[in-house]
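In: sequence first, then the predicted structure, then my questions.
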Amino acid sequence: MNKFFKKIVQFFLKWFAKIYIWRIKPHIIVIAGTTNRHWIKEAVAITLKEKNFQTRMNKKNFNAEIGLPLSILGINSDENNFWHWFKIIFQAAKKAFRSKPPILNEFLVLEMAIDRPKGIKYLLSIVKPKTLILTTVTMIYAENFDTLDKIALEYKRLIKSLYRHGLAILNFDDERIKSLAEFSENRVISYGFSKEADFQVKGVKKTTNGQELKIQLYPSRQIRLVKINRFGEHHIYAALVKEIIRENFRISAPDFFQQMRG
Amino acid sequence: MFYLSSLIFYCCVSFLNSKNIDLKKVIKSGIILLMFSRTQKIQLSTIKQMELLASKIPDVVSLAQGIPSFDTPEIIKKAAIKALSRGVAGKYSLTYGLPELRETIEQKLAEDKMYYDYEKEIIATAGSIEGITATLISIIDKQKNEVVLFSPSYVSYAEAIKVAGGKPIFVNLNEQSGWGVDIEKLIKKINGQTVAIIVCNPNNPTGTIFSKEDLFKIAEIAWKKKLFIICDEVYKDFIYKTEIEIDKNSEARQGNNKLEKKEDKSDFFSLAQIPELRKIIIRFFSLSKAYAMTGWRIGFLHSDEENVSEIIKVHDSLVTCAPVISQYAAMMALDFCDKEVREFCKQYQYRRDLICGYLDEMADFLSYQKPNSSYFVFPKINSQLFEKKKKRGESFSWNFAKDLLDKAHVAVVPGVAFGPSGEDHIRLSFGRREKDINEGMKRIKEYFNHK
């Protein structure tokens, strides 16, 4: 796709996605950070589905300028020729303006990725989160940023853009993410190994089949034993976020959306 | 003592002179033997030797090397160009590989029910053979230096074992039982010096898939004897449906689309899916075949953290890291090219049927087992017809392949390259273009008709 054509496609997709959000009013959960977005996204979506919430998430790496609006509209695509994109725009228009909205109690779980400064600003012009989960700030995709602090600055824009009564879920093991808590005007729940974290890991045991975790819940301080069939620290964080979602989205879907819409 | 040595030396020189042997050459080869003691035992792969000979014949049709005829999908090439223009491909990555690639690999493995930690248990390698060599170097030592491999199996394993200072021990597969494993034979070859068993599944060159039962038996032996299992699964994406499965699918298509999608997903079983075995399984995958990326030299290995933390040291000293541009390309391939892989598989299945059709016409000369995976067929030559041409001490399959190349201008790989039980066979690749398969097989047919 040449640059000019890409701009046109981007423009149409952005506006059709905005129209869709305006009409359907889904609850949007955004996961951002330089690593571990995928596993946390999966954990969130699985937990919501377990509670019978209608949930959609972005597939694979559909998380930037073009992929994000496509995910919002629920359109699958791979890069192809001009006519292919022409068809995609037509599909997007159909989704955005369909006379009868298909679902009104929908959760959208979206990964957001940035690879250049002000990347988040553009994505925020399409969608604003009601729940925000931040993972880490590391050197991945850092080639376009001078310092890690500049990446953190992008996430600061995200935390400030949260809707009123929104929720920020922050990884307190990452110093830069932790420091963003002070910019939140909404409720913050923290997670991690850190003693300051609300949802805290109290013990990890590697087994043949995966990992056994002791997670301290918030605010009850109750310890929950969790077994996961995955290996690696990143899955511990996903398990923590899963518990946060489980504890904070307790009511049924219709009641939840009734409350949201006042 | 001095006089005795001088006398021996004088006798040797006189003997060599009387036989017209150049003394300088003898000394030079002696020095080479001393200096290259390890590589003297290693041979350039027979496949490459055959390709080298074939390259000198202008109108040759090659059904030898396992190179896919397809070009790398456009989307992958674009990702590489993008990485180049972003200026990220020119520097080393972490020795383990780009974290974002390893994260993608972890996701891909999880889709196949294999759970490994991208941070500590996955390494991006320069093709699978680099990973295999690094692994062999890290596990072979003076006490434990024997590696069991099945015959026939991929040519480069034996050489990689020798590179690592080990000794390849062949266990013949049973042709009569569809190239299955003879467990009794396997047990007999294992001793105190054995360190690992290499399992190429689906197998190259036979194109057969080991049964779950055979794999479990291999795993049980390895577990009891504390051996590693090196699983090379580069052809796992090219598994062909049997007629029964095709019928089932067409029924499903008529009835329910969702069911059809489910049936399309292959049920390939890997020992790496069993968490209890993760400490002894080291699994390899290469993007070369599945994504038509042979020239990119990119693949990966995964195993338990304990094993990977040792292998990484060798990988680092061999290549520092896998080619970074290929790592970016691989990321795109794994994320977005499932459709292309399915299409390749469909094409190969068609070509398999095409090549098997020709082989059926040559049933008097070649007998074969229809491969249900990879893009190779491994027919047996009716050697009785060539009894007169057999020479003692020489490989029949090598001579046959050479003769075929000289007279019919078709390059194939002699079966002996794949181990002792490969003798009397040839390997034909149907990864080549349909046009080449047609031309090559017509020439082979003509060659036999003139016999």
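Out: Received the coordinates, thanks.
In: which parts of the stretch 201-350 of chain B are helices?
Out: For the stretch 201-350 of chain B, helices defined by DSSP state H, counting those that start in this stretch occupy the ranges B:212-225, B:243-255, B:257-264, B:287-290, B:305-319, B:324-336, B:338-361.
In: quick one: closest of the ones you listed to chain A.
Out: For chain A, the closest of the helices of the stretch 201-350 of chain B is helix B:324-336, at 5.1 Å, according to Cβ to the nearest Cβ. (C-beta placed from N, C-alpha, C; glycine too.)
In: the closest one and chain A, any residue contact?
Out: Yes. Interface with chain A: helix B:324-336 contributes B:335-336 (Cβ under 8 Å from any Cβ of the partner chain).
In: which strands or helices does that helix pack on?
Out: The contact analysis (3 or more Cβ pairs under 8 Å, 6 or more residues apart in numbering or on different chains; DSSP states H and E) places helix B:324-336 against helix B:74-86, helix B:99-111, helix B:287-290.
In: again, 7 Å this time
Out: Counting by 3 or more Cβ pairs under 7 Å, 6 or more residues apart in numbering or on different chains; DSSP states H and E, the packing neighbours recorded for helix B:324-336 are helix B:74-86, helix B:99-111.
In: about what we covered before: going by mean pLDDT, which of the helices of the stretch 201-350 of chain B comes out lowest?
Out: Of all these, helix B:257-264 carries the lowest average pLDDT, namely a mean of 41.
In: alpha carbons of stretch B:359-370, in PDB - could you do that?
Out: Output of stretch B:359-370 as PDB, limited to C-alpha atoms (Å, rounded to 0.1, in the frame of the first residue of the first chain):
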ATOM      1  CA  LEU B 359       5.500 -44.100 -10.100                       C
ATOM      2  CA  ASP B 360       2.500 -46.400 -10.600                       C
ATOM      3  CA  GLU B 361       3.300 -46.400 -14.300                       C
ATOM      4  CA  MET B 362       6.900 -47.600 -13.400                       C
ATOM      5  CA  ALA B 363       5.800 -50.300 -11.000                       C
ATOM      6  CA  ASP B 364       8.100 -52.800 -12.600                       C
ATOM      7  CA  PHE B 365      11.100 -50.700 -11.700                       C
ATOM      8  CA  LEU B 366      10.200 -48.800  -8.600                       C
ATOM      9  CA  SER B 367       8.000 -49.700  -5.700                       C
ATOM     10  CA  TYR B 368       7.000 -47.100  -3.100                       C
ATOM     11  CA  GLN B 369       4.800 -46.200  -0.100                       C
ATOM     12  CA  LYS B 370       2.600 -43.200  -0.600                       C
END
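In: run the angle between the helix or strand hosting residue B:443 and helix B:338-361 for me.
Out: According to DSSP states H and E, residue B:443 maps onto helix B:434-449. Relative orientation of helix B:434-449 versus helix B:338-361 (axes from the mean of the first three to the mean of the last three Cα atoms, to 10 degrees): 20 degrees.
In: residues touching helix B:434-449, excluding its own?
Out: Contact with helix B:434-449 is made by B:61, B:63, B:351, B:354-355, B:358, B:361-362, B:365, B:404, B:407-410, B:430, as judged by Cβ atoms under 7 Å, 6 or more residues apart in numbering or on different chains.
In: mind redoing it with 6 Å?
Out: With contact meaning Cβ atoms under 6 Å, 6 or more residues apart in numbering or on different chains, helix B:434-449 is reached by B:61, B:63, B:351, B:354-355, B:358, B:362, B:365, B:408, B:410, B:430.
In: may I see the buried residues of that helix?
Out: B:436-437, B:439-441, B:443-445, B:447-448 (16 or more other Cβ atoms under 10 Å in any protein chain shown).
In: neighbours around whatever residue of the stretch 101-250 of chain A ends up closest to chain B, how many?
Out: Closest to chain B within the stretch 101-250 of chain A is residue A:232: 3.0 Å, counting by Cβ to the nearest Cβ. Using other Cβ atoms under 10 Å in any protein chain shown, residue A:232 is surrounded by 24 other residues.
In: what's the answer for residue B:188, then?
Out: Neighbours around residue B:188, by other Cβ under 10 Å: 10.
In: picking that back up, make TSV out of the helices of the stretch 201-350 of chain B and add mean neighbour count.
Out: Formatted as TSV, the helices of the stretch 201-350 of chain B follow (neighbours: other Cβ atoms under 10 Å in any protein chain shown):
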stretch	mean neighbour count
helix B:212-225	16
helix B:243-255	12
helix B:257-264	12
helix B:287-290	24
helix B:305-319	17
helix B:324-336	24
helix B:338-361	17
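In: need these in TSV with distance to residue B:151, can you?
Out: Conversion of the helices of the stretch 201-350 of chain B to TSV gives the following (distance: least, Cβ to Cβ, whole Å):
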stretch	distance to residue B:151
helix B:212-225	15
helix B:243-255	30
helix B:257-264	34
helix B:287-290	22
helix B:305-319	26
helix B:324-336	32
helix B:338-361	22
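In: closest one to residue B:272 among those?
Out: Residue B:272 lies closest, by Cβ to Cβ, to one member of the helices of the stretch 201-350 of chain B: helix B:212-225, at 10.5 Å.
In: contacting residues around the closest one?
Out: Taking Cβ under 6 Å, 6+ apart as the rule, helix B:212-225 contacts B:181, B:183, B:190, B:197, B:229, B:269, B:271, B:277, B:280.
In: now do stretch B:315-332
Out: Contact with stretch B:315-332 is made by B:75-76, B:79-80, B:83, B:89, B:92-93, B:95, B:97-98, B:101, B:104, B:123-126, B:134, B:287, B:296-298, as judged by Cβ under 6 Å, 6+ apart.
In: with neighbour count and distance to chain A added, can I get the contacts of helix B:212-225 in JSON lines?
Out: Listed next are these as JSON lines, based on neighbours: other Cβ atoms under 10 Å in any protein chain shown; distance: Cβ to the nearest Cβ, whole Å:
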{"residue": "B:181", "neighbour count": "22", "distance to chain A": "26"}
{"residue": "B:183", "neighbour count": "15", "distance to chain A": "25"}
{"residue": "B:190", "neighbour count": "18", "distance to chain A": "24"}
{"residue": "B:197", "neighbour count": "26", "distance to chain A": "21"}
{"residue": "B:229", "neighbour count": "23", "distance to chain A": "16"}
{"residue": "B:269", "neighbour count": "18", "distance to chain A": "18"}
{"residue": "B:271", "neighbour count": "23", "distance to chain A": "14"}
{"residue": "B:277", "neighbour count": "19", "distance to chain A": "9"}
{"residue": "B:280", "neighbour count": "21", "distance to chain A": "12"}
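In: and the furthest pair within those?
Out: B:190 and B:269 (23.1 Å).
In: convert the C-alpha atoms of stretch A:171-178 to CSV, please.
Out: C-alpha atoms of stretch A:171-178 as CSV (Å, rounded to 0.1, in the frame of the first residue of the first chain):
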residue,chain,number,x,y,z
ASN,A,171,1.8,-3.2,37.0
PHE,A,172,3.6,-2.0,40.2
ASP,A,173,6.7,-4.0,39.4
ASP,A,174,7.5,-1.6,36.6
GLU,A,175,8.7,1.7,38.1
ARG,A,176,7.6,3.8,35.2
ILE,A,177,4.1,2.2,35.1
LYS,A,178,3.9,2.6,38.9
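In: now do the buried residues in that stretch.
Out: Going by 16+ other Cβ under 10 Å, stretch A:171-178 has these buried residues: A:171-174, A:176-178.
In: quick one: residues contacting residue B:344.
Out: Contacts of residue B:344 by Cβ under 6 Å, 6+ apart: none found.
In: how near is it to residue A:77?
Out: Separation of residue B:344 from residue A:77 (Cβ to Cβ, to the nearest Å) stands at 21 Å.
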